[in-house]
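**Student:** here are the coordinates; sequence isn't available:
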């Protein structure tokens with residue numbers, strides 16, 4: 001039988017996240033980033049742009065159900081966070097292309113891994129949801 005793993009402290013930058021007084025400040029610090037990563041449309045945009053630059057209309061067609069306003073807001077937020085860049089070509093009408101930045105490219109693998117995990121476990125999650133709902137309905 002394998003020996004138990006050693007307990008290891010986890011570090012984010014210089015912050016030891018195992019210290020109780022620092023956990024709150026670390027959580028507050030990364031919450032905006034996690035909100036962006038947890039946003040439905042933002043991650044779908046990142047995965048669409050993982051294949052190369054796309055125009056607004058291409059993204060809109062690829063993202064089933066996204067409104068023009070939500071796509072615009074999501075693109076602006078991703079640009080503000082430094083995950084995508086926006087290039088305007090002065091034509092009539094103007095051509096706007098969106099592309100992942102180096103930082104955005106580094107997000108592809110974690111997002112893909114999360115998507116793979118969700119896909120591998122969706123049946124278990126749905127079964128758990130049905131079991132939970134059945135218990136709640138019988139109360």
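**Tutor:** Perfect, thanks for sending it. Keep in mind the model is a prediction, meaning the values are calculated, not measured.
**Student:** I'd like to know how far the spatially most central residue of the chain sits from residue 81.
**Tutor:** For the chain, the residue whose C-alpha lies nearest the mean C-alpha position (C-alpha atoms, centre = their mean) is residue 37; its distance is 2.7 Å. Using C-beta to C-beta, to the nearest Å, residue 37 is found at 10 Å from residue 81. Where C-beta positions appear, they are placed from N, C-alpha and C, glycine not excepted.
**Student:** now do residue 93
**Tutor:** The value you get for residue 93 to residue 81, if C-beta to C-beta is used, is 27 Å.
**Student:** Compare the two and say which is more crowded by neighbours.
**Tutor:** More neighbours surround residue 81 than the other of residue 93 and residue 81, with 17 against 5 (other C-beta atoms under 10 Å).
**Student:** which SSE is the residue nearest to that one when sequence neighbours are not counted in?
**Tutor:** Taking C-beta to C-beta, 6 or more residues apart in numbering, and ignoring the residues beside it in sequence, residue 81 has residue 36 as its nearest neighbour in space, at 5.8 Å. Residue 36 belongs to helix 20-37 when assigned by DSSP states H and E.
**Student:** helix or strand for the closest residue to residue 112 other than its chain neighbours, which one?
**Tutor:** Nearest residue to residue 112, sequence neighbours excluded (C-beta to C-beta, 6+ apart): residue 47, at 7.3 Å. Element membership for residue 47 (DSSP H and E) is helix 40-49.
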